[in-house]
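Participant: here is a sequence together with a model predicted from it:
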Amino acid sequence: MSELLDHASRPRKDLLKHLILQLHEGAAPQQVQRQLVRLMGLVPYGLVVEVEQELMAEGLPPEEVTRLCHLHGAALEGAIDLVAAPTAPPGHPAHTFRQENAALRRELDALARVRAALDALGGAEPAAEVLLAAREHLNALTDVEKHYLRKEHLLFPYLEKHGVTGPPKVMWAKHDEARALLRGALEALAAAPAGTTAEEARAVFDLAAAPAAQAIRDMAEREEQILLPMSLDTLQELEWWEIARQSDEYGYCLVEPGEGWRPASAPPAPTEPEPSAAGHRLRFATGSFSPRELTALLDALPLDATFVDADDRVRYFTHGKERVFARSRAVLGRKVQYCHPPSSVDTVDRILAGLRSGRHDRAAFWIEKRGRFVHIEYVALRDAAGAYLGCLEVTQDLTEKRALTGEQRLLSWKEEQADG
């Protein structure tokens, strides 16, 4: 990040920092914006990231930056200088992110037209059809989950490797806010009775759907004004290539990425990493495996397993067919605290501290996730002398097993249907 701006920018950085702190002291965004434009003119996009990161490094809690993030956006609206912002060709991950934002805006605009249609109705008129249209657009907006997951698990890890840690943390928290608002909006509209009037529908829309739509729109704006230009300046070409290679695993939001982008420096063909010690057997007290056998065994386990070393860095995860939580190779070497939503980091730290200290050997949780019963357990790993080696996270979807009753003593394979 430091290469984005030279030392001559220091007075401007201090001035922007001072103006942002005014927001945290209660100043109105419009007032700060007027000062900002008068004193600074346009603000380089990289300067905004540097200032937010410095403020957090100096002690401003990320939660406070997250809480007032929308005010930062309001104060900087129309004041970001993008003249020098780089662009990306079709197929490049940054281009795909922008295409997805354009598709999201089309859905958001359609949702706004639905709201206008409600205004055209008399208060007592039935609004069931209009609410149905709103639900269709909100359902389409849930595709934003794939967009956010690719940012959290592919883009953010590379930014962190370049020392950009604060803004991803704030953005992830804003993702969670948008997710919660969208989920609440869908539930509110689904709960509206068939005889809902236009007046009632307007209230439901304004209380539930409008905040969710605004959260998604604000995030798209912040990505294009700040995150993506800064990321294009920061990441190396092969890092973008690695993001492009792994993006299919998460899927795309409302659009398919363009084809044809491949950096000249990319290797001739993507290859899977070979397990070390190929051709040799790994010997244990109770037997041995070849690396290929061990890989197959770990990936066949009916669970997700992630190994976090003694320095809290992710070193390995299984790659089975049915995962509960998304994982990408980009997380390897990443601090595990950065792999969780900011709202969960305190709990993660408490678990790791308890396991590392020896006070506890495991911590278990179980949650309901989209109708599935998911069990998550963290287990301390120690050597024979009791030294802490790290933590194993084991996640299992136990929905079917939890529902079992009686006995199953006979083989009950379902015969595959013959083709044709």
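Facilitator: Perfect, thanks for sending it.
Participant: and the gap between R98 and E107?
Facilitator: Using CB to CB, to the nearest Å, R98 is found at 15 Å from E107. For glycine as for every other residue, the C-beta is placed from the backbone atoms N, C-alpha and C.
Participant: so what's the gap between stretch 401-410 and the chain middle?
Facilitator: The chain centroid and the centroid of stretch 401-410 are separated by 37 Å under CA atoms, centre = their mean, to the nearest Å.
Participant: so what touches stretch 224-232?
Facilitator: 1, 4, 45-46, 48-49, 76, 80, 82, 85-88, 94, 97-98, 101, 155, 159, 164, 167, 171 (CB atoms under 8 Å, 6 or more residues apart in numbering).
Participant: in PyMOL, how would I select the buried members of these?
Facilitator: A single PyMOL command selects the buried members of the contacts of stretch 224-232 (16 or more other CB atoms under 10 Å):
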select buried, resi 1+4+45+46+48+49+76+80+85+88+94+97+98+101+155+159+164+167+171
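Participant: now, the contacts of stretch 224-232 that are in helices?
Facilitator: 45-46, 48-49, 76, 94, 97-98, 101, 159, 167, 171 (DSSP state H).
Participant: low-scoring pLDDT stretches of the stretch 251-400 of the chain, where are they?
Facilitator: 269-279, 330, 342 (pLDDT under 70).
Participant: could you verify my assumption that R281 touches G287?
Facilitator: No: if you go by CB atoms under 8 Å, R281 and G287 don't touch, sitting 9.4 Å apart.
Participant: more neighbours: which of the two?
Facilitator: Ranked by neighbour count (other CB atoms under 10 Å), R281 and G287 place R281 first, with 13 against 8.
Participant: who touches the more buried one in this structure?
Facilitator: 288-290 are the contacts of R281 under CB under 8 Å, 6+ apart.
Participant: for these, which one is nearest S412?
Facilitator: F289 (30.7 Å; CB to CB).
Participant: quick one on the thing from earlier: just the ones in helices among the contacts of stretch 224-232 now: which is nearest G260?
Facilitator: For the ones in helices among the contacts of stretch 224-232, the nearest to G260 is A94 (14.8 Å; CB to CB).
Participant: what residues are up against that closest one?
Facilitator: 88, 228, 231-232, 240.
Participant: and which of the residues you listed is nearest L254?
Facilitator: L228 (17.2 Å).
Participant: the closest one and R38: what is the separation?
Facilitator: For L228, the distance to R38 - CB to CB - is 28 Å.
Participant: which of the two has more neighbours?
Facilitator: Higher neighbour count among L228 and R38: L228, with 23 against 8, using other CB under 10 Å.
Participant: my read: L238 touches A266, true?
Facilitator: Yes: at 6.8 Å, L238 counts as touching A266 under the criterion of CB under 8 Å.
Participant: more crowded one of these two?
Facilitator: A266 (16 against 12).
Participant: specify the local secondary structure of that one.
Facilitator: coil (DSSP: H, G, I helix; E, B strand; the rest coil).
Participant: okay, now the closest residue to it other than its chain neighbours: neighbour count?
Facilitator: Distances taken as CB to CB, 6 or more residues apart in numbering place W241 nearest to A266, at 5.0 Å, with adjacent residues excluded. Around W241 there are 20 other residues, counting by other CB under 10 Å.
Participant: mind listing the strands for the stretch 51-200 of the chain?
Facilitator: Taking DSSP state E, counting those that start in this stretch as the test, the strands found in the stretch 51-200 of the chain are 80-81.
Participant: what residues does L36 make contact with?
Facilitator: Counted by CB under 8 Å, 6+ apart, L36 has contacts 16, 19, 43, 75-76, 79.
Participant: so the spatially most central residue of the chain versus K146, what's the distance?
Facilitator: The chain has E152 as the residue nearest its centroid, 3.2 Å off, counting by CA atoms, centre = their mean. The gap separating E152 from K146 is 11 Å, by CB to CB.
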